[in-house]
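1. Here's a sequence, model it:
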Amino acid sequence: MWRRSSCLSQRRFIKMGKYDVKRAVIPCAGKGTRFLPVTKGTPKEMCPIVDKPTLDYIVDECIDGGITNILIILSEGKDDIRRYYHKDDDYEKELIEKGKTEFASIIHNVANKANFYFTMQHELLGLGHAVLQAKEFIKNENFIVCCGDDICTYEGDAPSKQLIEAFKKTNGHTIVGGQKVKHEMISKYGCMDINREESARLYSLKGIVEKPNIEEAPSDLASLGKWVFNSKIFDYIEKTPKGKGGEIQLTDAIALMIKDEPVYFYDFVGKRYDCGDKLGYLKAIVDVALKRDDLKDSFKEFLKEKDFR
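-> Predicted coordinates for the structure are as follows:
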């Protein structure tokens, strides 16, 4: 495992509560086949949304949720991600000497906004297998998993914070994060088989049906790339048999856990974009640009000039 320390590691130690979550795992080992040919040379997570990589929006959401330590899981050909979060004193100095202090501050903040760690998934054997690579990093702590190509925009609390608060409310039981989707779209996702609604937006689960036929889907609540776990999830991943293609799926590990203890679904507030999908990626670019004070007015004028007939 590679560690790239930041100034955060110098902060005074603060005692953590039993259900606090300060660690995040972001799997970024996938090949990005849906985005070929660009992903032949560029990790899909580094595709820009305006002027930031897709991954950096996910990192910022984690930080908004109170996360200070982030493990990014890589595969061969993903060194660009590690370089992006690497502190570059020489480049900062060069920018300052040229009077470009604003840009120097930007790249300084990228490298120092969290403690970043990196490890490799040498064999791409599914999301469960990817998360298992974090066992050494997590040890006995709680953590959130956020997929590396799903970003969210939000006005209030970050979705990561919402899920962590739900985790605390349920005394540290697994939280599957997601939202209600259109019924005709549920066959694309892990679908929640609900036991009951425990409180607003929080549901206990009977099970998860992976990509069900539309007519057989038990609900329209879909898992959307965010989970909060305690360290027991690693035991269940290690017990999970390999499925299609020899892959170990995280959903299958959660299904095993449901047999032994409560697992919950939280319907988070925020707009989610699947940036591993071309249309989802384009939607994210447009919506993010329209929220930017430095771009929104001129971008709106540009869009008004277009004939969309």
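2. C-alpha from now on. contacts and neighbour counts both.
-> Fine.
3. For the chain, which segments count as helices?
-> Using DSSP state H, the helices found in the chain span residues 54-64, 79-84, 89-97, 101-112, 127-132, 135-138, 159-169, 233-239, 250-258, 278-291, 296-304.
4. now the first one against helix 159-169, angle please.
-> What separates the directions of helix 54-64 and helix 159-169 is an angle of 40 degrees, with axes from the mean of the first three to the mean of the last three Cα atoms, to 10 degrees.
5. do the same with the fourth one
-> Orientation of helix 101-112 against helix 159-169 (the same axes, to 10 degrees) gives an angle of 30 degrees.
6. Who are the packing partners of helix 101-112?
-> If you count contacts as 3 or more Cα pairs under 8 Å, 6 or more residues apart in numbering; DSSP states H and E, helix 101-112 packs onto helix 89-97.
7. what do you get if the cut-off is 10 Å, keeping everything else the same?
-> Packing partners of helix 101-112 (3 or more Cα pairs under 10 Å, 6 or more residues apart in numbering; DSSP states H and E): helix 54-64, helix 79-84, helix 89-97.
8. could you give the mean pLDDT of the first one?
-> Averaging pLDDT along helix 54-64 gives 98.
9. Over to the shortest one?
-> Helix 79-84 shows an average pLDDT of 95 in the prediction.
10. what does stretch 274-287 give?
-> Mean predicted confidence for stretch 274-287 is 95.
11. chain center to that stretch: distance?
-> 15 Å (Cα atoms, centre = their mean, to the nearest Å).
12. List the buried residues for that stretch?
-> Buried residues in stretch 274-287, defined by neighbour count with 16 or more other Cα atoms under 10 Å: 274, 275, 276, 281, 283, 284, 285, 286.
13. Ok, stretch 80-96 next?
-> 81, 82, 85, 86, 87, 92, 95.
14. returning to that earlier point: to residue 186, which of the helices and strands packed on helix 101-112 lies closest?
-> Nearest to residue 186 among the helices and strands packed on helix 101-112 is helix 54-64 (23.6 Å), distances taken as Cα to Cα.
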